[in-house]
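**Student:** The sequence and its predicted three-dimensional model are supplied below.
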2 protein chains.
Amino acid sequence: MNNAVPSSASRKVTLNDVARLAGVSVATASKALNGRKQVRAETRARVVEAAEQLSFSPNELARSLLADRTGTVGLLTNDLEGRFSIPILMGAEDAFGADSVAVFLCDARGDAIREKHHVQALLSRRVDGLIVVGSRTDPRSSLGRELPVPVVYAYAPSEDPDDLSIVVDNVGAGRSAVDHLVSTGRTRIAHITGDPTYGASQERAEGALAALAGHGLELVGEVRFGSWTESWGRAAASMLLGQHPELDAILCGSDQVARGVMDALREHGRAVPDDVAVMGFDNWEIFTSGARPALTSVDMNFERLGRVAAQRLFAAIDGEPRSGVEALDARVVIRGSTVPG
Amino acid sequence: MNNAVPSSASRKVTLNDVARLAGVSVATASKALNGRKQVRAETRARVVEAAEQLSFSPNELARSLLADRTGTVGLLTNDLEGRFSIPILMGAEDAFGADSVAVFLCDARGDAIREKHHVQALLSRRVDGLIVVGSRTDPRSSLGRELPVPVVYAYAPSEDPDDLSIVVDNVGAGRSAVDHLVSTGRTRIAHITGDPTYGASQERAEGALAALAGHGLELVGEVRFGSWTESWGRAAASMLLGQHPELDAILCGSDQVARGVMDALREHGRAVPDDVAVMGFDNWEIFTSGARPALTSVDMNFERLGRVAAQRLFAAIDGEPRSGVEALDARVVIRGSTVPG
DNA sequence: AAAGTAGCCGAAAAGGTTTTCTGCGACCGT
DNA sequence: ACGGTCGCAGAAAACCTTTTCGGCTACTTT
């Protein structure tokens, strides 16, 4: 490979040095390196040669100061360990990286004061825009309309309808899940989900109930709210099997819950998927692939959400702002827990 | 780009504006706001007042350009979805954020070319330092010695001993795990681990064997290498129980493997921990807490690793570089799978 | 041959801040 | 009253790059 790295990298080399070595002015050097059409080919070659020899790399700070555009954005998250933030962040980083925009990462840990502080710090570094990633689907307070740069809210929408928010369509996801179960012939479907204070659990349940109604079916029992854990899934499934032994499918509010449900089913001697179909939400690979059989799940497509947020931010920076809430659809990933392998 | 209509908050306010409003020169304004002792108290108050009134926020770009220090660092990772990168990244972000250093996040996705590109971009933005986070414990190629800023390697050490690397002590972790099992009275211990091409599996096994020898014990059977999955854990445990029914503990190379092992034990009618103790590595909460009983595991303390890496980078930036490999110890987190609840 | 033109290059300003250096007035000691 | 010191404020340079504008040379046109 080309690893001819001169030791000059240790000392900072400026355009001035390049110009001097090439025997031209800084102005000409700049134009030569930036492809401006006001420099003779021979001169340009000399400058490029000099720049390479010195391994010159333009100081983006000076450039940004002048251009009033830094090519940086702030990514403001509220839980870095979160299931949801990370893939969104990946998608955004991906989209930005492809356009060689650098991403400032800040974790506010759900603290409003820390968040304000970070926003201030990012603005003083003159980011071109901000993406605010929530950790729950519930609406969050707006950063305000008076910011000097565009903002896009991802996952958790802003309370202010004049902001632009990109979210996942949890209602639609619930509908798709039921549609899938029905399409495999299930008619006695129960629903065990997680923490009722989460918008996600409510919305998914809402979508599921709507889809059932659309198929002329009713949920078996009530929606079982609890927590987003395996142990809740086990406990709820055991209760449910006692009360409604006739059920032939359990839709679970998350993959973790689904894992617990599958454990309980096995202990009760119910085969999956032959006796009972099971599916979850989130399509968290470590849970879906470890299950026996592999777990059908609804993929919320977080990476795409991050990418879309990045694209919308680009558009806003380029002067094409939008507002409102944009919901992205989820997709069912079918595995052995709903259709026999 | 023409945003004439909305608020005037988009209008950028500079030190010049503050100075004019306060009736002083920019030089005095700067000194007043930065606490320089060459300003009369009354004058300083006037300037501060003016700055507040205009909600002035100094342009960090201009400041950095002059100070030759940006207060930014680059965090270079290779897998954002990774189990290991994220907590490390959290720890580093935490440490930096506390000192109001901004973090540029870049994901090279394991691609050397992309990595070079990102390093170049970060340097052109004049970061003060770099942290390179690996996704495996195996050594990686150095970024080179000719970089103009200090670099700290985290998790995956650099091949160059003159670089500074912060890693976890997997050998010690293996030792600690066995020590714990022995301390609970186990003497017939087996070891099921993951992918043999990972340094982590080899080192943990090495530490475990050393500790066994130290206790005058021998491993039951051979070290079982496979993959980092639940299904491998299930399969390996079934085989193992057939060949060595006398075993009273299984040390697993990861929590995922341990989950599979526990499933198999249950199906073979072996009680955990009364008949067989089980423990894992990584202390991945979603796996340890979902297990029945909760899984004892070795916590690698990734967040601390990230924080230490950040601190070392600070020190290096401040002119106190180190080199070599610094290994941080792990700690056993005891739960119900090794000691009766 | 004079005038115009095209091509190429350099000087200088701009961007916002910090710092050094100079200057100016007031106060002190004798 | 005078030289000296001290405290405070402003002018200007510096950081590095881009861009505008003016000027020079050489060439084309009439």
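**Tutor:** Cool, the structure landed.

**Student:** low pLDDT regions in the stretch 51-200 of chain A?
**Tutor:** For the stretch 51-200 of chain A, not a single residue meets the criterion pLDDT under 70.

**Student:** hmm, 90 instead?
**Tutor:** Where the stretch 51-200 of chain A drops to pLDDT under 90, the residues are A:78-87, A:89, A:97-100, A:135-136, A:146.

**Student:** where along the stretch 201-341 of chain A do the helices fall?
**Tutor:** All helices of the stretch 201-341 of chain A, identified by DSSP state H, counting those that start in this stretch, fall at A:230-243, A:255-267, A:285-288, A:302-317.

**Student:** ok, now how distant is the one residue sitting closest to the centre of chain A from DNA strand D?
**Tutor:** For chain A, the residue nearest the mean C-alpha position is A:I88 (1.5 Å; C-alpha atoms, centre = their mean). In this view, A:I88 and DNA strand D are 33 Å apart by C-beta to the nearest atom of the strand, to the nearest Å. (C-beta placed from N, C-alpha, C; glycine too.)

**Student:** I figured that residue was touching A:M300, is that so?
**Tutor:** No - counting by C-beta atoms under 8 Å, A:I88 stays clear of A:M300, with 9.7 Å between them.

**Student:** show me what contacts the closest residue to A:V257 other than its chain neighbours?
**Tutor:** Leaving aside its chain neighbours, A:V257 sits nearest to A:G233 (3.9 Å; criterion: C-beta to C-beta, 6 or more residues apart in numbering or on different chains). By C-beta atoms under 8 Å, 6 or more residues apart in numbering or on different chains, the contact set of A:G233 is A:192, A:252, A:256-264.

**Student:** Pull out the buried residues from whichever helix or strand the residue nearest to the centre of chain A is part of.
**Tutor:** According to DSSP states H and E, A:I88 maps onto helix A:85-98. Under the neighbour-count criterion of 16 or more other C-beta atoms under 10 Å in any protein chain shown, helix A:85-98 has A:85-97 buried.

**Student:** ok, so what distance separates the residue nearest to A:R36 when sequence neighbours are not counted from A:E42?
**Tutor:** In this structure, A:R36 finds its nearest non-sequential neighbour in A:S30, 7.7 Å apart by C-beta to C-beta, 6+ apart. A:S30 sits 17 Å away from A:E42, going by C-beta to C-beta, to the nearest Å.

**Student:** and the next element down the chain from the helix holding A:I88?
**Tutor:** Heading C-terminal from helix A:85-98 (DSSP H and E), you reach strand A:102-107.

**Student:** Report all helices and strands that that next one contacts.
**Tutor:** strand A:72-77, helix A:85-98, helix A:112-124, helix B:85-98, strand B:102-107 (3 or more C-beta pairs under 8 Å, 6 or more residues apart in numbering or on different chains; DSSP states H and E).

**Student:** CSV for those, including distance to DNA strand C?
**Tutor:** Converted to CSV, these look like this (distance: least, C-beta to the nearest atom of the strand, whole Å):
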stretch, distance to DNA strand C
strand A:72-77, 16
helix A:85-98, 24
helix A:112-124, 8
helix B:85-98, 21
strand B:102-107, 16
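
**Student:** Check the stretch 201-341 of chain A for the residue nearest DNA strand C and tell me.
**Tutor:** Per C-beta to the nearest atom of the strand, A:I317 is where the stretch 201-341 of chain A lies closest to DNA strand C, at 18.2 Å.

**Student:** which residues touch that residue?
**Tutor:** Contacts for A:I317 were tallied using C-beta under 8 Å, 6+ apart; they are A:128-129, A:149-150.

**Student:** quick one on the thing from earlier: what is the most widely separated pair among the contacts of A:G233?
**Tutor:** A:Q256 and A:A264 (13.4 Å; C-beta to C-beta).

**Student:** More neighbours: these two, which one.
**Tutor:** A:Q256 (26 against 22; other C-beta atoms under 10 Å in any protein chain shown).

**Student:** give me every residue that touches the more buried one.
**Tutor:** Shown in contact with A:Q256 (C-beta under 8 Å, 6+ apart): A:228-230, A:233, A:280, A:284, A:287, B:286, B:290.

**Student:** Going by distance to DNA strand D, which of the contacts of A:I317 wins?
**Tutor:** Checking those one by one against DNA strand D (C-beta to the nearest atom of the strand), the nearest turns out to be A:D128, at 16.3 Å.

**Student:** give the contact list for that closest one.
**Tutor:** A:D128 is in contact with A:69-73, A:101, A:149, A:317, counting by C-beta under 8 Å, 6+ apart.

**Student:** circling back: check whether the helix holding A:I88 comes into contact with chain B.
**Tutor:** Yes - with C-beta under 8 Å from any C-beta of the partner chain as the measure, helix A:85-98 is seen reaching chain B through A:86-87, A:89-90, A:93-94, A:97.

**Student:** just to revisit the earlier point, and the helices of the stretch 201-341 of chain A, which is most packed in?
**Tutor:** helix A:255-267 (a mean of 25; mean count of other C-beta atoms under 10 Å in any protein chain shown).

**Student:** Render the CA-only coordinates of that one in PDB, please.
**Tutor:** Taking Å, rounded to 0.1, in the frame of the first residue of the first chain, the C-alpha atoms of helix A:255-267 are listed here in PDB:
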ATOM      1  CA  ASP A 255     -38.600 -10.300  22.000                       C
ATOM      2  CA  GLN A 256     -37.500 -10.600  25.600                       C
ATOM      3  CA  VAL A 257     -41.100 -11.200  26.700                       C
ATOM      4  CA  ALA A 258     -41.400 -13.700  23.900                       C
ATOM      5  CA  ARG A 259     -38.500 -15.700  25.100                       C
ATOM      6  CA  GLY A 260     -40.100 -16.000  28.500                       C
ATOM      7  CA  VAL A 261     -43.400 -17.000  26.900                       C
ATOM      8  CA  MET A 262     -41.700 -19.700  24.900                       C
ATOM      9  CA  ASP A 263     -40.000 -21.100  28.000                       C
ATOM     10  CA  ALA A 264     -43.400 -21.300  29.700                       C
ATOM     11  CA  LEU A 265     -45.000 -23.000  26.700                       C
ATOM     12  CA  ARG A 266     -42.300 -25.600  26.700                       C
ATOM     13  CA  GLU A 267     -42.800 -26.400  30.300                       C
END
